Every structure is written in C-alpha cells, then in structure tokens.
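Enquirer: model this:
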Amino acid sequence: MEILIFSIVALIAVICSVQVIISRNPVNSALFLIATMVSLAILFILLNAPFLATIQIIVYAGAIMVLFLFVIMLLNLRRDEFGPERRRAQRFFAILFSFLLLIGITTVLTVGTFNSNQVESGWSKTIPAGVEPLAQLLFTKYLFPFELASVLLLVAIVGAVVMAKRRL
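Expert: Now for the predicted structure:
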C-alpha cells in the first residue's frame with residue numbers, strides 16, 4: 001500500500017513540476033508549483049517526517065507561493081500574453097485530481113489514521129527523529145545551500161520588480 005501511494009504521489013509531483021516549466025500562464029505555473037510542494041509534503045509524511053511535511057506546506061506552499069503570486073500580479077500581465085486558453089486540458093486535470101482526491105479521502109476514512117508506532121520498517125529507523133537533528137544539519141553542513149537558496153529567491157523577486165517598473 002505504501003509503495004502504491006508513493007508511486008501515485010511521485011507521479012503527481014513529476015507531472016506538476018513539468019507543468020510548472022511548460023505552462024505559458026505564470027499563475028497556472030505558480031499553482032502547479034503549489035501542487036508539487038503539496039505532493040512533496042505527502043512524500044515527507046511517507047518518510048515519517050511530519051515536521052518537514054508541515055514546514056513544506058506552511059513555508060513553501062503557503063508563504064513563498066503567496067510572495068510569488070504577489071510578484072506575478074505586480075507584473076500585471078494581460079490575457080493576450082498567456083497564449084490561447086486550454087480549457088479542455090484544464091477540465092481533464094480537474095476531473096483527474098478530483099478523482100485522486102476522492103480516492104485519497106476514501107482510503108483515509110476506510111483504513112484509518114496512520115500510526116507510526118505500529119509500522120516498523122528498516123528504512124525509517126535510519127532517519128533521525130525530531131527537529132534538532134534537522135536544525136543541526138541545516139545550520140552546519142547545509143548552511144551554504146540554505147543561504148544560497150534565500151539569495152536566489154531575493155534576486156528573482158528584485159528582478160521581477162525591476163522588470164515591472166520598466167513596463168510602467
């Protein structure tokens with residue numbers, strides 16, 4: 001069951017991340033990025049890391065995506081810049097994701113809640129539990145990539161604001 005859920009969620013993450021790149025509409029691209037972040041949070045839950053899943057939803061899918069949408073709206077893009085509308089594809093994906101959501105809700109209601117104490121697997125014992133090991137790694141070994149990601153986000157936002165000011 002766990003491998004099936006992993007496969008479905010991983011496939012959704014890959015499809016949504018590809019849609020982020022190929023989508024002509026920046027708002028749709030941002031929404032696909034949110035779907036990618038949510039599916040990554042589900043993968044963190046499967047890895048028995050609920051704190052990382054929560055942070056993934058709150059920080060990335062919540063705060064940073066609101067910031068991205070704010071920058072996109074600041075650019076004030078017109079409908080003719082997006083290209084032709086693709087309502088058929090949108091309708092298909094809406095039906096597909098609704099069906100997958102229905103399957104997920106049905107599975108949760110029939111199987112019950114997931115208790116990590118009942119499931120003992122070999123790979124979950126190697127993952128350090130709690131926030132302290134994560135913070136130790138983040139602020140020691142991975143400090144440079146962490147700071148580099150924050151600078152990259154800042155540069156992208158400043159660049160978008162500069163591009164928007166040139167248009168006006």
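Enquirer: drop to CA atoms for contacts and neighbour counts, all remaining ones
Expert: OK.
Enquirer: and the residue nearest in space to the middle of the chain, what does it touch?
Expert: Averaging the C-alpha coordinates of the chain gives a centre point, and the residue nearest to it by C-alpha atoms, centre = their mean is Met37 (0.8 Å). Residues counted as contacts of Met37 (C-alpha atoms under 8 Å, 6 or more residues apart in numbering) are 13, 56-57, 60-61.
Enquirer: before we move on, what SS does it have?
Expert: Reducing the assignment at Met37 to three states with DSSP: H, G, I helix; E, B strand; the rest coil gives helix.
Enquirer: and the gap between it and Ala160?
Expert: Shown here: Met37 relative to Ala160, a distance of 22 Å by C-alpha to C-alpha, to the nearest Å.
Enquirer: Tell me how many other residues surround Ile95.
Expert: A count of nearby residues for Ile95, using other C-alpha atoms under 10 Å, gives 12.
Enquirer: wait, doesn't Thr54 sit right on Ala41?
Expert: Yes: judged on C-alpha atoms under 8 Å, Thr54 makes contact with Ala41 at a distance of 7.1 Å.
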